[in-house]
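Colleague: Generate coordinates for the sequence data below:
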Amino acid sequence: MAIKVVYETHSITVDNEIGVATGWLPGELSERGRELAAELGVRRREVDVVYCSDLRRAVETVEVAFGGGKEVRLDARLRECDYGSYNGRPVSEVAALRRRHIDTPWPGGQSYRQVVAATAAFLEGLREEWQGATVLVVSHSANRWALQHLLDGTPLEDLVDAPFEWRPGWEYEVA
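Modeller: Just a heads-up that it's a prediction; the model follows:
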């Protein structure tokens with residue numbers, strides 16, 4: 001039986017609003033981010049379980065969205081790409097270098113292929129436990145790219161260069 005995986009980004013952070021690439025830094029939701037997180041909880045109240053990155057901004061999104069009303073599992077495999085020495089640098093600077101780090105890790109960090117491998121391991125765990133369920137994943141942009149790459153076959157080279165366009169979730173079916 002297939003698993004319905006619903007992916008949502010963590011809500012808007014203070015760093016997002018000022019143009020900082022947070023990476024593995026914790027991050028904090030902005031006031032607008034908290035409002036949007038509450039809307040996420042209404043939009044996704046029918047899911048069976050919530051998995052989220054263990055980075056603070058994702059955890060805070062889920063706390064605001066569900067307030068303890070859902071089973072939530074934190075998973076480090078759902079972390080944003082570790083930009084290493086580029087964590088906390090301007091988004092414009094990080095974005096200009098993304099393509100170079102598809103296979104080569106960021107200095108002191110990881111590559112996007114490593115994020116894909118972690119996401120693939122996460123999906124394998126879902127297959128073992130959640131057949132027929134609807135699973136919400138609250139995570140980061142690199143994880144969305146990993147899902148698009150793994151489940152839709154979109155090349156990472158295309159994904160890392162595409163501008164981010166928010167929408168209320170992406171849905172996938174995992175066999």
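
Colleague: Look at the residue nearest to residue 1 when sequence neighbours are not counted and say how many residues are nearby.
Modeller: Leaving aside its chain neighbours, residue 1 sits nearest to residue 132 (3.9 Å; criterion: Cβ to Cβ, 6 or more residues apart in numbering). Just so you know, the C-beta spots here come from the backbone N, C-alpha and C atoms, and that holds for glycine as well. Applying other Cβ atoms under 10 Å, we find 9 residues neighbouring residue 132.

Colleague: buried stuff in stretch 28-41?
Modeller: Buried residues in stretch 28-41, defined by neighbour count with 16 or more other Cβ atoms under 10 Å: 29, 30, 33, 34, 36, 37, 38, 40, 41.

Colleague: Distance-wise, check the residue lying closest to the fourth one once chain neighbours are set aside relative to residue 132.
Modeller: If I follow you right, that is residue 34. Spatial nearest neighbour of residue 34, excluding adjacent residues (Cβ to Cβ, 6+ apart): residue 64 at 5.4 Å. With the distance defined as Cβ to Cβ, to the nearest Å, residue 64 ends up 28 Å from residue 132.

Colleague: Over to residue 49?
Modeller: 12 Å.

Colleague: show me what contacts the residue nearest to residue 34?
Modeller: For residue 64, the contact set (Cβ atoms under 8 Å, 6 or more residues apart in numbering) comprises 11, 29, 34, 37, 38, 41.

Colleague: Sounds good, over and out.
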